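*Asks:* predicted model and sequence below, questions to follow.
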Protein chains: 2
Amino acid sequence: MTGVWLRPPRSPGRSGPPLRRDRIVAAAVELLDREGVAGLTMRRLAERLGAGSTTLYWHVTNKDDVLDLALDQIFGEVVLPASPSGDWRTDAETLLLGWRAAMLRHPWSAALVGRPLIGPNVLARTEFLQSALRRAGLVEPDLTAATHALANYVIGAAVTLSSWQRLDDPESRQAARQHLAAQRERYPTLVETGHLDDRDEDDTFRRGLAYLLDGLPTDR
Amino acid sequence: MTGVWLRPPRSPGRSGPPLRRDRIVAAAVELLDREGVAGLTMRRLAERLGAGSTTLYWHVTNKDDVLDLALDQIFGEVVLPASPSGDWRTDAETLLLGWRAAMLRHPWSAALVGRPLIGPNVLARTEFLQSALRRAGLVEPDLTAATHALANYVIGAAVTLSSWQRLDDPESRQAARQHLAAQRERYPTLVETGHLDDRDEDDTFRRGLAYLLDGLPTDR
DNA sequence: CTAGAGTCTAGAACAACGTTCTAGAGCCGG
DNA sequence: CCGGCTCTAGAACGTTGTTCTAGACTCTAG
């Protein structure tokens, strides 16, 4: 009814092939990586697993389930320092850079973040982030606001960047640039600053992150 | 091939019903508002317009076109102060609050921002934002980084909030909360701060925005 | 050893979808 | 009157998510 995370998973068979669900999720991620979100079909997913298409519905109730699981799966790639360093800012930066990198590695995630992010991997990363901010001396309501602000910034940055890169055809990116440049009188600032030009996106992201971290009402 | 914005629109007939395309977009937004992104079907959209389903393909090449147009449409609702005030910060805040409000008014937009945002309404708002930041004394590369940071923050915040509210069933939100609360040992900080609790989302957003604006390397 | 209750697989089938093809109606200038 | 343009829409195709159903396999209970 409401999402994978709130429903108990199928109890595995006595000696049935374990990790079946894990295999489904892994294959889904692989398929999404190669074909994009439109290329993920229950039939093709089953085919890749050497199974009948309708068999999937034993392990998973929905296609939405598959998408939810695949999305949370890639956040598991974000390494979580086992023992946080003394510097909260380094910890937060490391986490958020990894978060962004994971989303850019799987650009289809940009199209899926519109669904509730309450999977275990997302929650664990959020927990880590919030605990780092607490070590910075933040207290409510700033603690929650800062956590949300940082997470939302990362998500927004990853979404806009990978959606822009979804114009895979580099010549269509060029067309978009010319389209913009042709309207200098309408968008003088954007044209002047080369708004759609390729730039050092990593640097741009780091700068924005620095602004946000600088603005937090931390201890010192 | 690449998106609505880079293709010339159909030249209108000599005296044919004008604004046909506008009517399509308006009906699409209305349908999306009522039924969500899964409820928008070319057939139902046509039905609502009193037309045959396949007629739409004369005015629009794709369903993707409709979605791109509908998405840009709602950004047109964000009022742009004709003559910006003297205070850049007020201008930026007003714009970004309106931006967020528009997305929350049309929650389906959260699922669609994964596509390139290069429609005229988005570009005009971005131009306004960037010109305000320039008046704050920002220069490259900070000017671009700040523009992106603010836009990405708004998008991320709207995406996560409306995707959370997409769990329309309030009792399933409650279930998610209990699911979290039951794992206090795993997510101690999140549980303590009531991470999934309803709070004053507007205040949280404003706080985050203030952090970011405070952190910008402006003139003064 | 047999019966039966799980666990798991998968074929058949359905309604709905996006989209193409095609034929044609209505209108216009020449 | 003709030929070309704008615009409409029916028929049809392939594909999709999903349900229903029947059956195979495995283990436990009696």
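*Replies:* Everything's here; your move.
*Asks:* quick check: the gap between A:V139 and DNA strand C.
*Replies:* Distance, A:V139 to DNA strand C, using Cβ to the nearest atom of the strand, to the nearest Å: 47 Å. (Each C-beta comes from the backbone N, C-alpha and C, glycine too.)
*Asks:* got any ranges where chain A has weak pLDDT?
*Replies:* Low-confidence segments of chain A, defined by pLDDT under 70: A:1-2, A:11-19, A:84, A:168, A:220.
*Asks:* ok, 90 please
*Replies:* A:1-20, A:81-86, A:164-173, A:198, A:219-220 (pLDDT under 90).
*Asks:* longest helix anywhere in it?
*Replies:* What stands out as the longest helix in chain A, according to DSSP state H, is helix A:142-165.
*Asks:* so after it, what's the next helix or strand?
*Replies:* helix A:170-181 (DSSP states H and E).
*Asks:* next to DNA strand D, which bits of chain A? Give me the list.
*Replies:* A:14-15, A:40-44, A:53-54, A:57, A:61-64 (Cβ under 7 Å from any atom of the strand).
*Asks:* any quick ChimeraX command for the buried ones out of the residues you listed?
*Replies:* A single ChimeraX command selects the buried members of these (16 or more other Cβ atoms under 10 Å in any protein chain shown):
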select /A:40,42
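*Asks:* any chance of the residues of chain A next to DNA strand D in TSV with secondary structure as columns?
*Replies:* Output for the residues of chain A next to DNA strand D, formatted as TSV (DSSP: H, G, I helix; E, B strand; the rest coil):
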residue	secondary structure
A:R14	coil
A:S15	coil
A:L40	coil
A:T41	coil
A:M42	helix
A:R43	helix
A:R44	helix
A:S53	helix
A:T54	helix
A:Y57	helix
A:T61	coil
A:N62	coil
A:K63	helix
A:D64	helix
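*Asks:* of the residues of chain A next to DNA strand D, which is the nearest to chain B?
*Replies:* Taking Cβ to the nearest Cβ as the measure, chain B sits nearest to A:D64 out of the residues of chain A next to DNA strand D, at 10.1 Å.
*Asks:* can the longest helix of chain A be found next to chain B?
*Replies:* Yes. Residues of helix A:142-165 contacting chain B under Cβ under 8 Å from any Cβ of the partner chain: A:142-149, A:151-157, A:159-160, A:162-164.
*Asks:* which residues are contacting stretch A:117-130?
*Replies:* A:3-5, A:68-69, A:71-73, A:75-76, A:78, A:80-81, A:84, A:91-92, A:95-96, A:99, A:143-144, A:147, A:150-151, B:160, B:163, B:176, B:179-180, B:186-190, B:193, B:195-196 (Cβ atoms under 8 Å, 6 or more residues apart in numbering or on different chains).
*Asks:* report the buried members of those residues.
*Replies:* Of the contacts of stretch A:117-130, these count as buried by 16+ other Cβ under 10 Å: A:3-5, A:68-69, A:71-73, A:75, A:78, A:84, A:91-92, A:95-96, A:99, A:143-144, A:147, A:150-151, B:160, B:163, B:176, B:180, B:187, B:189-190, B:193, B:195-196.
*Asks:* list the buried residues for stretch A:173-184?
*Replies:* Quick answer for stretch A:173-184 (16+ other Cβ under 10 Å): A:173, A:175-177, A:180.
*Asks:* out of these, which touch chain B?
*Replies:* Answer for the buried residues of stretch A:173-184 near chain B (Cβ under 8 Å from any Cβ): A:175-176, A:180.
*Asks:* ok so, going back, let's have the residues of chain A next to DNA strand D in TSV, adding distance to DNA strand C.
*Replies:* TSV is the format used below for the residues of chain A next to DNA strand D (distance: Cβ to the nearest atom of the strand, whole Å):
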residue	distance to DNA strand C
A:R14	6
A:S15	8
A:L40	15
A:T41	12
A:M42	10
A:R43	9
A:R44	14
A:S53	7
A:T54	3
A:Y57	7
A:T61	12
A:N62	15
A:K63	13
A:D64	16
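*Asks:* need the residues of chain A next to DNA strand D in JSON lines (columns: distance to B:R115).
*Replies:* What follows is these, written out as JSON lines (distance: Cβ to Cβ, whole Å):
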{"residue": "A:R14", "distance to B:R115": "47"}
{"residue": "A:S15", "distance to B:R115": "46"}
{"residue": "A:L40", "distance to B:R115": "17"}
{"residue": "A:T41", "distance to B:R115": "20"}
{"residue": "A:M42", "distance to B:R115": "23"}
{"residue": "A:R43", "distance to B:R115": "25"}
{"residue": "A:R44", "distance to B:R115": "23"}
{"residue": "A:S53", "distance to B:R115": "28"}
{"residue": "A:T54", "distance to B:R115": "32"}
{"residue": "A:Y57", "distance to B:R115": "30"}
{"residue": "A:T61", "distance to B:R115": "28"}
{"residue": "A:N62", "distance to B:R115": "23"}
{"residue": "A:K63", "distance to B:R115": "20"}
{"residue": "A:D64", "distance to B:R115": "20"}
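*Asks:* once you drop chain neighbours, what's closest to the residue most central in space within chain A?
*Replies:* Geometric centre of chain A, nearest residue: A:M103, 4.0 Å, by Cα atoms, centre = their mean. Of all residues not flanking A:M103 in the chain, A:A158 sits nearest, at 3.7 Å (Cβ to Cβ, 6 or more residues apart in numbering or on different chains).
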